[in-house]
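K.L.:
dropping the sequence and predicted coords here.
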Amino acid sequence: MAVTDYGVVARLCSRASTMTTNDYVLGTHDEEVARLQLQHRVWRPQVLDAFRRAGSRSGQTLLDIGCGPGDVSQDLAEIAGVSGRVLAIDKSRRFLDLLDLRTRERRLTQLSSLELDLDRDALPDLAIDGAWCRWVMSFMARPRDLVVQVAARLRRGGVLVVHEYFDYATWRTAPPCPEVEEFVRAVMRTWRESGGEPDLGLMLPHWLGELGFDVRDVRPIVEATRPGEPKWDWLAAFVESGRRRMASLGVMSPERAAAISAAVERLAADPTTLMMTPGVLEIVAVRNQRGAARGIWIRRPFCSTMSVFRPRA
């Protein structure tokens with residue numbers, strides 16, 4: 001019988017896998033798997049549009065770097081088709097077990113997975129047509145080294161699509177909420193204490209230019225969202241998961257974690273509240289034919305979704 005309840009699949013993987021040191025700050029438990037599925041649904045239209053602009057198509061060899069449970073990997077497999085190949089890489093064995101189960105269920109023979117710690121291990125030696133990387137390099141100790149490795153494996157004309165934060169502190173509310181700002185500061189502090197950099201996106205255009213990429217498209221994404229909208233649900237789910245995790249790790253007291261959760265619930269009860277998303281930099285970069293930077297840019301205007309002001313019925 002085909003497995004369709006991915007909550008059940010996640011629990012099966014939890015029993016089948018032994019947790020190792022290759023774990024994430026937010027964990028790999030059932031709640032986090034569900035949060036990542038929500039994240040995928042919320043961001044999927046923008047991600048697929050980026051793949052379209054990158055020229056991703058059937059028959060290509062594509063790399064999903066830091067794939068997690070593999071929601072985007074499956075989209076890439078659909079794009080590459082049976083004549084292509086997708087390799088999904090992650091350091092979490094549990095996430096990869098979940099992806100492998102989904103892959104077998106959907107008979108995506110073009111999709112395979114590889115357990116690999118990007119801070120410790122080299123990317124596999126293969127020629128690729130495209131790579132996707134979201135919110136991975138900002139957690140790495142040596143993120144530029146990963147860009148070097150991707151550049152070495154991309155064929156000339158191959159495309160790297162990246163989503164990384166460039167200003168995490170744009171995550172605020174209107175009216176301002178001290179508890180949300182406290183949570184954002186705690187996330188950024190623990191992020192940096194663990195060796196990462198939440199605003200790493202600010203470095204990427206320069207690195208890409210140095211390493212032989214033409215940055216074809218750069219889009220800053222900051223959106224204003226209201227209670228009940230997809231981006232609000234995504235942020236609220238991260239607050240709930242993150243505040244529990246930080247309390248369990250001793251980063252935050254249980255009392256402060258509870259106060260943050262209660263504050264977000266109060267905000268959600270007021271339909272006039274706005275929440276601004278953390279600033280994401282979307283980059284589409286092409287490995288140029290000469291292997292040296294030419295500095296060709298297509299600059300895009302600041303992207304802010306303010307449809308929140310449409311009249312309510």
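P.N.:
Done, it's in. Everything quoted here is computed from the prediction, not taken from an experiment. Numbers count the residues shown, from 1 in each chain.

K.L.:
how about the contacts made by the spatially most central residue of the chain?
P.N.:
Nearest to the mean C-alpha position of the chain, counting by CA atoms, centre = their mean, stands Arg134 at 3.6 Å. Neighbour list for Arg134: Val47, Gly66, Val72, Val162, His163, Glu164 [criterion: CB atoms under 8 Å, 6 or more residues apart in numbering]. Quick note: C-beta positions are derived from backbone N, CA and C, even for glycine.

K.L.:
so it versus Asp233, what's the distance?
P.N.:
Using CB to CB, to the nearest Å, we find Arg134 at a distance of 18 Å from Asp233.

K.L.:
same check on Cys133?
P.N.:
Distance, Cys133 to Asp233, using CB to CB: 24 Å.

K.L.:
and those two? which has more neighbours close in?
P.N.:
Higher neighbour count among Cys133 and Asp233: Cys133, with 24 against 17, using other CB atoms under 10 Å.

K.L.:
and the pLDDT for the closest residue to the more buried one other than its chain neighbours?
P.N.:
Nearest non-adjacent residue to Cys133, counting by CB to CB, 6 or more residues apart in numbering: Ile65, 4.2 Å away. As predicted, Ile65 sits at a pLDDT of 98.

K.L.:
residues contacting Ile65?
P.N.:
By CB under 8 Å, 6+ apart, Ile65 lies in contact with Ile89, Leu118, Leu123, Ala131, Trp132, Cys133, Val136, Leu146, Val150.

K.L.:
which two among the contacts of Arg134 are spaced furthest apart?
P.N.:
Within the contacts of Arg134, two members stand farthest from each other by CB to CB: Val72 and Glu164, at 14.8 Å.

K.L.:
returning to that earlier point: phi and psi next, for the residue nearest to Cys133.
P.N.:
phi -100, psi 120 (degrees, to the nearest 10).

K.L.:
how close does it sit to Met275?
P.N.:
Computed as CB to CB, the Ile65 to Met275 distance reads 29 Å.

K.L.:
same deal with Val136?
P.N.:
If you measure Val136 against Met275 using CB to CB, the figure is 24 Å.

K.L.:
same deal with Gly195?
P.N.:
28 Å.

K.L.:
compare those two (neighbour count), which wins?
P.N.:
Met275 (25 against 11).

K.L.:
what about Val148, which helix or strand?
P.N.:
helix 143-153 (DSSP states H and E).

K.L.:
render the CA-only coordinates of the helix or strand following that helix in PDB, please.
P.N.:
With elements assigned by DSSP H and E, the helix or strand that comes after helix 143-153 is strand 154-167. Below are the C-alpha coordinates for strand 154-167, written out as PDB (Å, rounded to 0.1, in the frame of the first residue of the first chain):
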ATOM      1  CA  LEU A 154      28.700  23.600 -12.800                       C
ATOM      2  CA  ARG A 155      29.100  23.300 -16.600                       C
ATOM      3  CA  ARG A 156      29.600  26.600 -18.400                       C
ATOM      4  CA  GLY A 157      26.200  28.200 -18.600                       C
ATOM      5  CA  GLY A 158      25.000  26.200 -15.600                       C
ATOM      6  CA  VAL A 159      22.900  28.100 -13.100                       C
ATOM      7  CA  LEU A 160      22.900  28.500  -9.400                       C
ATOM      8  CA  VAL A 161      19.700  29.600  -7.700                       C
ATOM      9  CA  VAL A 162      20.000  30.800  -4.100                       C
ATOM     10  CA  HIS A 163      17.700  32.100  -1.400                       C
ATOM     11  CA  GLU A 164      19.600  33.500   1.600                       C
ATOM     12  CA  TYR A 165      18.600  36.200   4.100                       C
ATOM     13  CA  PHE A 166      20.200  39.600   3.700                       C
ATOM     14  CA  ASP A 167      18.500  41.400   6.600                       C
END
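
K.L.:
now the next helix or strand after strand 154-167: buried residues?
P.N.:
Next helix or strand after strand 154-167 toward the C-terminus (DSSP H and E): strand 172-174. Neighbour counts over strand 172-174 (16 or more other CB atoms under 10 Å) mark Arg172, Thr173 as buried.

K.L.:
can you pull out the strands in the stretch 201-313 of the chain?
P.N.:
For the stretch 201-313 of the chain, applying DSSP state E, counting those that start in this stretch gives strands covering 213-221, 224-225, 274-276, 279-287.

K.L.:
quick one: closest of those to Arg41.
P.N.:
Relative to Arg41, the nearest member of these by CB to CB is strand 224-225, separated by 14.4 Å.

K.L.:
sheet partners, orientation included, of that closest one?
P.N.:
strand 274-276 (antiparallel) (DSSP bridges).

K.L.:
residues in contact with the partner strand?
P.N.:
Contacts for strand 274-276 (CB under 8 Å, 6+ apart): 170-174, 180, 222-226, 231-232, 235, 267, 308.

K.L.:
of the residues you listed, buried ones?
P.N.:
Here, 16+ other CB under 10 Å leaves 170-173, 180, 222-226, 231-232, 235, 267, 308 buried among the contacts of strand 274-276.

K.L.:
I appreciate the help and will end here.
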